[in-house]
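> Got a predicted structure plus its sequence, pasted below:
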Amino acid sequence: MTDRQRVVRRLQETFAWRDTPVGEFADLSGWWRDPELLRMLGPSLAELHAGEAAGEAAGAAAAGHTDAGQTGQGARPVDAPGRPTVVAGIETRGLVLGPLTALHLGVGFVEVRKEYRIAGEGQRDGDDPMLRAQTPPDYQDGGLTLMAPRRLFGPQDRVLLVDEWIESGAQANAVRRMVAEAGAEWAGVAVIVDACEPRVRERLGVRGLVAEADLPG
């Protein structure tokens, strides 16, 4: 059994749908309680886009773009084009999964906050200008505004967004607009559960460990 298969099996074994007075919800608490699964999530999410990065790196190597002083067989490409330089995560669960993924990649992490959670004076930029992007008005009964410090993204960055679940892609699309405004490059989205439509998956570059349909019902 491969590492990917082990992760998927544990995700399925520790997941449950729960009935409540207001409807059914996905209970992910078993994922966070399983220490072995928690250890595997960061590397597994990081590797979802590894195929694209490896392909681009191979292309760069074939074109002769190698480190100074290294020639011939085994020469390493200069800054593999597909490799993320930073991981972003949206509160709340993106703030758990993002750092796990960033640690495996050896890059930094940027937290993306929801502005309605920051009250009063905290909403003003002050001396730390913010990037902001809104989701559509029909998202979560009125939409929301996502924000992150502008100084944390730069033109040299390639940003990978990490989250636990994606359906409409509204929040991911908002983060992508923030990344574009900063002049950075979008690397795609790595999620545990992919529940989005094909057009959303293609547009945002979504890769998931498991499809919603493959979770136990």
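Sure thing, it's come through.
> When you work out contacts or count neighbours from here on, use the C-alpha atoms and nothing else.
Will do.
> how near is the closest residue to Leu28 other than its chain neighbours to Pro216?
The shortest distance from Leu28 to any residue other than its chain neighbours is 5.8 Å, reached at Phe15 (Cα to Cα, 6 or more residues apart in numbering). In this view, Phe15 and Pro216 are 7 Å apart by Cα to Cα, to the nearest Å.
> where does this protein dip in pLDDT?
The chain contains residues with pLDDT under 70 at 51-81, 116-126, 140-141.
> give me every residue that touches the most centrally placed residue in it.
The centre of the chain sits closest to Val162, judged by Cα atoms, centre = their mean, with a distance of 1.7 Å. By Cα atoms under 8 Å, 6 or more residues apart in numbering, the residues touching Val162 are Leu45, Val87, Ala88, Gly89, Ile90, Gly94, Leu97, Gly98, Thr101, Val189, Ala190, Val191.
> give me that answer again for 6 Å
Neighbour list for Val162: Gly89, Gly94, Gly98, Val189, Ala190, Val191 [criterion: Cα atoms under 6 Å, 6 or more residues apart in numbering].
> Just the ones of these in helices?
With DSSP state H as the criterion, helices contain Gly94, Gly98 from among these.
> which one of the contacts of Val162 sits closest to Ala211?
Closest approach between those and Ala211, by Cα to Cα: Val191, at 9.9 Å.
> And for that closest one, the neighbour number?
25 (other Cα atoms under 10 Å).
> surely it meets Gly208?
Yes - Val191 is in contact with Gly208 according to Cα atoms under 6 Å; the separation is 4.8 Å.
> just to revisit the earlier point, with neighbour numbers in mind, choose between Phe15 and Pro216.
A side-by-side neighbour count of Phe15 and Pro216, using other Cα under 10 Å, places Phe15 first with 17 against 12.
> Report the separation between that one and Val191.
Phe15 is 15 Å from Val191, by Cα to Cα.
> next one: Asp163
5 Å.
> Please apply the same query to Lys114.
Taken as Cα to Cα, the span from Lys114 to Val191 is 19 Å.
> same deal with Thr85?
From Thr85 to Val191 the distance is 18 Å (Cα to Cα).
> What of Pro149?
23 Å.
> Could you pull out the helices in this protein for me?
Counting by DSSP H, the helices of the chain are 3-13, 29-33, 35-46, 50-62, 94-105, 170-181, 198-204.
> Mind putting these into JSON lines with distance to Pro21?
Listed next are the helices of the chain as JSON lines, based on distance: least, Cα to Cα, whole Å:
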{"stretch": "helix 3-13", "distance to Pro21": "24"}
{"stretch": "helix 29-33", "distance to Pro21": "19"}
{"stretch": "helix 35-46", "distance to Pro21": "30"}
{"stretch": "helix 50-62", "distance to Pro21": "42"}
{"stretch": "helix 94-105", "distance to Pro21": "27"}
{"stretch": "helix 170-181", "distance to Pro21": "27"}
{"stretch": "helix 198-204", "distance to Pro21": "31"}
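> nearest to Arg158, of those?
helix 170-181 (8.8 Å).
> outside of that closest one, which residues touch it?
So helix 170-181 is in contact with Leu131, Ala133, Thr135, going by Cα under 6 Å, 6+ apart.
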